[in-house]
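*Asks:* following is a predicted model, sequence given first.
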Amino acid sequence: MLRRSSTMRGFTLMEMLVVLAIIAAIAGLLGPRLLGTLDREAPKLAATQAKMLRSAVETFRLDVGRYPMQQEGLAALSTKPTDPTIAARWRGPYLDGDLPVDPWKNPYQYAVPGANGQPFALYSLGADGKRGGEGDGADIGTLAP
């Protein structure tokens, strides 16, 4: 039979509450800093994703012989065309998984033609979700006219 020694003890409720208060204070100090870092990294992530999508669009063009049309949009990268002549050359899907959304949970914009003689525009609307803007609200990617 086991006996409980007077030297054996557990944590008291007060000790546990003090530890939880210390953890909450540390989280309160570090949380905004970590979230601020994520907010600062969002434009970089959007630019990287836009480049990845641009590469997929270029690969589509190499296989099919043209860029996705406006009405097809970026869905053409993951959905086989219904036109039999184009479907025969389609080697997709050109993306792994679903079409990504930008870091602000908005879809990437695709337009034909793009600005300054570019064949297409592919961009994120930024944090504000609207055309134009400055700072985090600025559009990111290959922009439309």
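*Replies:* That came through, no problem.
*Asks:* just after the lengthiest helix in the chain, pick out the following helix or strand.
*Replies:* Assignment by DSSP state H gives helix 13-64 as the longest helix of the chain. Using DSSP states H and E, the next helix or strand after helix 13-64 towards the C-terminus is helix 84-89.
*Asks:* got the CA coordinates for that next one in CSV?
*Replies:* Presented in CSV, the C-alpha positions along helix 84-89 are these (Å, rounded to 0.1, in the frame of the first residue of the first chain):
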residue,chain,number,x,y,z
PRO,A,84,-11.8,19.8,-78.3
THR,A,85,-8.9,21.5,-80.2
ILE,A,86,-7.7,23.4,-77.2
ALA,A,87,-8.4,20.5,-74.8
ALA,A,88,-6.1,18.3,-76.9
ARG,A,89,-3.2,20.7,-76.2
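*Asks:* state the mean pLDDT of that helix.
*Replies:* Per-residue pLDDT values over helix 84-89 give a mean of 90.
*Asks:* and whatever helix or strand comes next after it, how far from the chain's centre?
*Replies:* From helix 84-89 onward toward the C-terminus, using DSSP H and E, the following helix or strand is strand 109-111. Distance, stretch centre to chain centre, for strand 109-111: 16 Å (CA atoms, centre = their mean, to the nearest Å).
*Asks:* and the contacts of the following helix or strand past strand 109-111?
*Replies:* Counting by DSSP H and E, the next helix or strand C-terminal to strand 109-111 is strand 121-124. Outside strand 121-124, the residues within contact range by CB atoms under 8 Å, 6 or more residues apart in numbering are 46, 49-50, 53-54, 57, 74, 102-104, 106, 108-115, 139-145. For the C-beta atoms, the positions are set from N, CA and C on the backbone; glycine is no exception.
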